[in-house]
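Peer 1: Please work out how this folds:
(one chain, ligands or ions: 1)
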Amino acid sequence: MKSREMVMSQNNPSCVVDPDEDRIREECGVFGIFGMENAASLTALGLHALQHRGQEACGIASFDGEKFHTERHLGLVGDNFTGSDPSERLQGHVSIGHVRYSTAGQTTLRNVQPLFSELSTGGFAVAHNGHLTNAYSLRERLVESGAIFQCTSDTEVLIHLIARARAGDFMDRFLGAIRQIDGGYAFVCMTSELLIGARDRFGIRPLLIGRIGDSYILASETCAFDMVGAEFIREVEPGEVVAINAAGIRSFKAFPDARSRPCVFEFVYFARPDSIVGGKSVYEVRKRMGQRLAQESPADVDVIIPVPDSGVPAALGFSQELGIPFELGIIRNHYVGRTFIQPTQQIRDMGVRLKHSANRSMIEGKRVLLVDDSIVRGTTSTKIVRMVKAAGAKEVHFRSASPPIKFPDHYGIDMPTKEKLIAANYSLDAMTEMLEVDSLGFLSIEGLYWAMGEEYREGEMPQYTDHCFTGEYPTPLIDRDRQLGTSKQLSFLVEVA
Ligand code: AMP
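Peer 2: A predicted model of the protein is given here:
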């Protein structure tokens, strides 16, 4: 692929539309495999299964015993790694891959992963899901001491920290680097000899180990194992680093005091419904969210309609609990990206109309109850409600299968600043009015924990990373108000494919 590069000044309005919208937030999927012929082909398939975690860019790296190969693209896996067998170009028995989803105003090719570097120890490629909460401070320190950064992604600090580590073998250096970073992360990395996986000390972002024949696989979700016919072995533990080669798996405890607090949003929105997270079926948990929501916030209506696709399992649970018919009253166009991908509010508004249409025959003259997995800014719900009313609904009620989102995320989920979160700023009555609905209801935090098969213990350390609902952040938010995209050493570089 030919690429043209252009340096844009920081005050160019097309580059920085709105500092909040423009900052780089990555919500990604990662995959890696060691010891399989044509490893890159399996990586492409695994990434295809993880496509829901990121649709803006994708990339694969491989090592053929002599040379590293990488290919990085803007766009979907299916559009970039099909046609011919990817492993013809990306040869070798070890490979890693990445799908990326960011709300950054400019998704530039230089931020697309895997990132690759030549270190004194040899080639190193990294794919990362999550966000490092102290990346800005580390980057500032590294730049001051002479490091030259190539991209605006927080992932690159890991490479510089490894490059500067002096003592021991590669794994000593890697562990030394990992111990300096904080936040929510799942790294899948490769050298000429190893496939490496690392998970943050609270296990906020997911990372799992699977096996196919004698080969080991690392992936963000079990649906990637299903795609390539691999069996799930176990999760990478919170704070664990695994190094995989032909001899098997070596495990290192990077953080001996690690404890498990996986992100609750994997259940609410992120993971594919057929994935198993923490031993639980995501689909079943989402149905239970709907079941409990129906108990907590019932309504006398004629039909339960999901906001597709993410509201479907909860709407089913809601309908079955109350014995009210479930119908597909909204049809989703699958050829439009997720609502959040478009950077401006105006385009995001349009995105909703592009994405959803009313199925009038299921709506006209009926009292309708809509179920979505969550309400973030309130943009999707407002548009959907108007659309359903325009299709002739007699009454429209809205239910969110998760509690009110009151706090932003800092661990790699696209969750805006507090000012933009509708539930952080308005009461239930005010939101009911703003959404123009006859009634509005949210799942309680107790209900959410119940759906996951747990008990919510108020005042105690939560079992999950649930700060979006509770404000309980598991780690200190060191660089909360400092974004990498606003670093003074950076110009904004746009690569046009
Ligand atoms: P909003 O329109 O801002 O209220 O967003 C709510 C919609 O966005 C719901 O339909 C959710 O399925 C979806 N959603 C929830 N969380 C996220 C996220 N982190 N990234 C992208 N979309 C999301």
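Peer 1: Pull the distance from stretch 172-188 to the chain's centre.
Peer 2: Relative to the centre of its chain, stretch 172-188 is centred 19 Å away, using CA atoms, centre = their mean, to the nearest Å.
Peer 1: Sort out which residues of it are buried, please.
Peer 2: Buried positions in stretch 172-188, judged by neighbour count with 16 or more other CB atoms under 10 Å: 173-178, 181-188. The way it works is simple: take the backbone N, C-alpha and C, and place the C-beta from them, glycine included.
Peer 1: mind giving me TSV with those and columns for pLDDT and secondary structure?
Peer 2: Formatted as TSV, the buried residues of stretch 172-188 follow (pLDDT from 0 to 100; DSSP: H, G, I helix; E, B strand; the rest coil):
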residue	pLDDT	secondary structure
Arg173	97	helix
Phe174	98	helix
Leu175	98	helix
Gly176	97	helix
Ala177	98	helix
Ile178	98	helix
Ile181	96	coil
Asp182	95	coil
Gly183	95	strand
Gly184	96	strand
Tyr185	97	strand
Ala186	98	strand
Phe187	98	strand
Val188	98	strand
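Peer 1: List just the nearest of those to Asn425.
Peer 2: Gly184 (25.1 Å; CB to CB).
Peer 1: Quickly list what the closest one is bridged to.
Peer 2: Going by DSSP bridges, Gly184 is paired in beta bridges with His131.
Peer 1: got it, and Ile276?
Peer 2: Going by DSSP bridges, Ile276 forms beta bridges with Ser281.
Peer 1: Quick check: Ala147 is in a strand.
Peer 2: No. Counting by DSSP: H, G, I helix; E, B strand; the rest coil, Ala147 is not found in a strand; it is coil.
Peer 1: Backbone dihedrals for the residue of the chain most remote from its centre, please?
Peer 2: Most distant from the centre of the chain: Gly365, at 38.6 Å, with distances by CA atoms, centre = their mean. Main-chain torsions, Gly365, degrees, to the nearest 10: phi 70, psi 10.
Peer 1: same deal with the one 3 residues further on?
Peer 2: Val368 has phi and psi values of phi -110, psi 140 when expressed as degrees, to the nearest 10.
Peer 1: Check the secondary structure at Ile324 for me.
Peer 2: Using three-state DSSP, the structure places Ile324 in coil.
Peer 1: about what we covered before: greatest separation within the buried residues of stretch 172-188: which pair is it?
Peer 2: Maximum distance among the buried residues of stretch 172-188 (CB to CB): 22.6 Å, for Arg173 and Gly184.
Peer 1: Look up the closest residue to whatever residue of the stretch 1-150 of the chain ends up closest to the ligand, ignoring the ones flanking it.
Peer 2: Going by CB to the nearest ligand atom, the ligand is nearest to Glu27 of the stretch 1-150 of the chain, at 6.4 Å. Distances taken as CB to CB, 6 or more residues apart in numbering put Tyr101 closest to Glu27, at 4.5 Å, once the chain neighbours are dropped.
Peer 1: One more: Gly278?
Peer 2: Excluding its sequence neighbours, the residue lying closest to Gly278 (CB to CB, 6+ apart) is Pro262, at 5.9 Å.
Peer 1: ok, now which ones touch that neighbour?
Peer 2: 202-204, 206, 277-278, 464-465 (CB atoms under 8 Å, 6 or more residues apart in numbering).
Peer 1: and if you look at Val112?
Peer 2: 57-59, 72-74, 98, 100.
Peer 1: hmm, try it at 6 Å
Peer 2: 57, 59, 72 (CB atoms under 6 Å, 6 or more residues apart in numbering).
Peer 1: Need the worst-confidence member of those.
Peer 2: Comparing pLDDT over the contacts of Val112, Ala57 scores lowest. The value there is 92.
Peer 1: Torsion angles phi and psi at Tyr464?
Peer 2: Taking degrees, to the nearest 10, you get phi -130, psi 160 for the backbone angles of Tyr464.
Peer 1: How about it: what's its closest non-neighbour residue?
Peer 2: In space, Tyr464 is closest to Val264, 4.2 Å off (CB to CB, 6+ apart).
Peer 1: Counting neighbours, what do you get for that neighbour?
Peer 2: 27 (other CB atoms under 10 Å).
Peer 1: my read: it touches Cys468, true?
Peer 2: No. In this structure Val264 lies outside contact range of Cys468 using CB atoms under 6 Å: 7.7 Å.
Peer 1: in the stretch 351-497 of the chain, which ranges drop under the pLDDT threshold?
Peer 2: 351-352, 481-497 (pLDDT under 70).
Peer 1: Tell me the residues of it that contact the ligand?
Peer 2: 372-381, 413-415 (CB under 6 Å from any ligand atom).
Peer 1: Which pair of these spans the longest distance?
Peer 2: Ser381 and Ile413 (18.7 Å).
Peer 1: coming back round to it: and the residue nearest to Glu27, how close does it get to Thr43?
Peer 2: Distance, Tyr101 to Thr43, by CB to CB, to the nearest Å: 18 Å.
Peer 1: Could you check which of these two is surrounded by more residues?
Peer 2: Per other CB under 10 Å, whichever of Tyr101 and Thr43 has more neighbours is Thr43, with 35 against 24.
Peer 1: Could you find the closest non-adjacent residue to that one?
Peer 2: Counting by CB to CB, 6+ apart, Gly97 is the residue found nearest to Thr43 once chain neighbours are left out, at 4.0 Å.
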